[in-house]
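**Student:** Pasting the sequence and the predicted model now:
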Amino acid sequence: MIDTHAHLNFEAFKDDIDEVIQRAKSGGVEYIIVPGVEPNNLISLLEFAKSREEIYCGMGIHPHNTKEAGMEELQLVVKNSDDEKVVAIGEIGLDYHYDFATHDEQKKIFREQIKIAKNKNLPIIVHNREADEDIFHILNEEQDGNLKGVLHCFSSNVDFLEKAINLGFHVSFTGNITFKKVNLDEAVKKAPIERILLETDSPFMAPVPFRGKRNEPLYVKYIAEKIAEIKNITIDEVISMTTSNAKKLFGLITMLLFLFVSSGVLYSQDSETPDEEVATEEYENPYNKFIGVGPMFGSNTIVETYTLKTSGGEQNESHDGLFIYGGSLYFGLLDYCILEATYLYSINKKISEEANGLIAPFTYDIVELSSNWIINPYSRVNFYGIGGYTAILSSLNKQKNNSSYLNIGLGFYINLETKYGLLNFVAEWKLNFLLNNISTRWYPPGKPESPITADLTNFFSIPRFGIVFYPKLNF
Ligand SMILES: [Zn+2]
Ligand SMILES: [Zn+2]
């Protein structure tokens, strides 16, 4: 027998995994397939499979965990699925019973993983809960002759069963076919024996008479027994058919042959190992940013130090929270590096008002050229650090100064896909530090009409918000 679905890497087995496997082996279970569920546990799952002869595994992200799944997690599935111990992409699918992720999120990750399976020529292990219609829709669309797999823990109606069988899929039955209240007899009867697999779905779904207890691979024989009873055939027939079905679907026969042959090849080549080309599919960034444009507004705080020419004394001033507005142009150089050119304008009327208009308002034209370095380019929310150059044309009582600044900052983009392109909500905080001194005049508060010649050094602190639109461009 082969238990094609058992979560032996779950907490429930951490104390007695050796005994559980030993019991299964002495009960006639040849192999156990442990499907992947959480992205975080995929590597340890593979290690677990590699450490035990009778364990094979699936690489995949369960629909419950699709919310946390992005490009990095999918890459993990891609990279690890080349191992000989990985016999499937799974478990993947849709679960509409729980609201751990939106239907759209689930469908997207499901399809991505189907693509991986087709590329790797691996079968998929499909988890389906209350999602018959969408599961069929997606499998039907993705079936191009290269898709194979199993609908695990089959619990749907006969109509759905027939559609799945017609698409070339296998079904596997678990402990719930022994439950009185769940009537799957009709589905078991209609399923052709050469498409049926056995599974326990341990630690869940323990069959009668262990219902409600922890399930384990040893109990897979109760599933075989129940199928034999419903189909009115011998249990030996069920066992030999389902075992051979599982070996064919998951390639367990060729696998052994391959291990045998490849170890022979390795021996004959002494210690020389051939240069292996590592095939890794590159995923397209779902939040690809090419050319974007949008408005920006925020608050401008200028902190200034005037060194007075006559007395040599210093005067510190700060102008808080001046409204600032403008717009930005963006160019995505790399997934993780976005170039930005921003123009901002702000005006300070305070001194002018104090001097009853004798002094013109101070105005600032700010041009920032920055590079924004994203640490997580494939996530919905991108965090980044900023570095760049700023030119500020300040007009202080009509005396114009053009000065250079160094800009640094932090920010994040929230990515929103629309029909016409990508929308970014931007929140960032940028500081501009003056690189040279400005020769100007200081207007003493209360006596602005008698300014004093001074050297000015300052910096601008500008937290701001923006909206950027990256239109879909087709070349
Ligand atoms: Zn499942
Ligand atoms: Zn499962």
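**Tutor:** Good, I have the coordinates. Ligands and ions are numbered 1, 2, ... in the order given.

**Student:** Can you name the residue of the stretch 1-150 of the chain nearest to ligand 1?
**Tutor:** In the stretch 1-150 of the chain, the residue that lies nearest ligand 1 is residue 127 (3.5 Å; Cβ to the ion). Bear in mind the C-beta positions are built from the backbone N, C-alpha and C, glycine included.

**Student:** For that residue, name its beta-bridge partners.
**Tutor:** Judged by DSSP bridges, the bridge partners of residue 127 are residue 93.

**Student:** is it true that it touches residue 60?
**Tutor:** No - in this structure residue 127 lies outside contact range of residue 60 using Cβ atoms under 8 Å: 9.1 Å.

**Student:** Of those two, give the one with the bigger neighbour count.
**Tutor:** When residue 127 and residue 60 are compared for neighbours, residue 60 comes out ahead with 32 against 25, by other Cβ atoms under 10 Å.

**Student:** buried set for the host helix or strand of residue 391?
**Tutor:** Using DSSP states H and E, residue 391 maps to strand 381-396. Under the neighbour-count criterion of 16 or more other Cβ atoms under 10 Å, strand 381-396 has 382, 384, 386, 388, 390, 392, 394, 396 buried.

**Student:** Looks like the fourth one contacts residue 405 (just checking).
**Tutor:** Going back to what we said before, that points to residue 388. No - the criterion here is Cβ under 8 Å, and residue 388 misses it with residue 405 at 9.3 Å.

**Student:** coming back round to it: just the closest of the buried residues of strand 381-396 to ligand 1, please.
**Tutor:** Out of those, the member with the shortest distance to ligand 1 (by Cβ to the ion) is residue 382, at 32.2 Å.

**Student:** Return the residues in contact with that closest one.
**Tutor:** 287, 374, 375, 376, 412, 413, 415 (Cβ atoms under 8 Å, 6 or more residues apart in numbering).

**Student:** In the sheet, which residues pair with the second one? Tell me.
**Tutor:** Counting by DSSP bridges, residue 374 forms beta bridges with residue 384.

**Student:** for the fifth one, same thing?
**Tutor:** With DSSP bridges as the criterion, the beta-bridge partners of residue 412 are residue 383, residue 427.

**Student:** pLDDT at it, what is it?
**Tutor:** We have a pLDDT of 96 for residue 412.

**Student:** was I right about it contacting residue 427?
**Tutor:** Yes - the criterion here is Cβ under 8 Å, and residue 412 meets it with residue 427 at 5.9 Å.

**Student:** Between those two, which is the more surrounded one?
**Tutor:** residue 412 (17 against 14).

**Student:** what separates the more buried one from residue 337, distance-wise?
**Tutor:** When Cβ to Cβ, to the nearest Å is applied, the distance between residue 412 and residue 337 equals 15 Å.

**Student:** Could you count how many residues lie near the nearest residue to residue 214 once chain neighbours are set aside?
**Tutor:** When the adjacent residues along the chain are set aside, residue 214 lies closest to residue 203, with 4.7 Å between them (Cβ to Cβ, 6 or more residues apart in numbering). For residue 203, the count of nearby residues is 18 (other Cβ under 10 Å).

**Student:** how about the strands of the stretch 201-350 of the chain, start to end?
**Tutor:** 291-308, 314-334, 337-348 (DSSP state E, counting those that start in this stretch).

**Student:** How far does the helix or strand following the last one sit from its chain's centre?
**Tutor:** Going back to what we said before, that points to strand 337-348. Tracing the chain C-terminally past strand 337-348 and defining elements by DSSP H and E, one meets helix 350-354 next. How far helix 350-354 lies from its chain's middle: 53 Å, per Cα atoms, centre = their mean, to the nearest Å.
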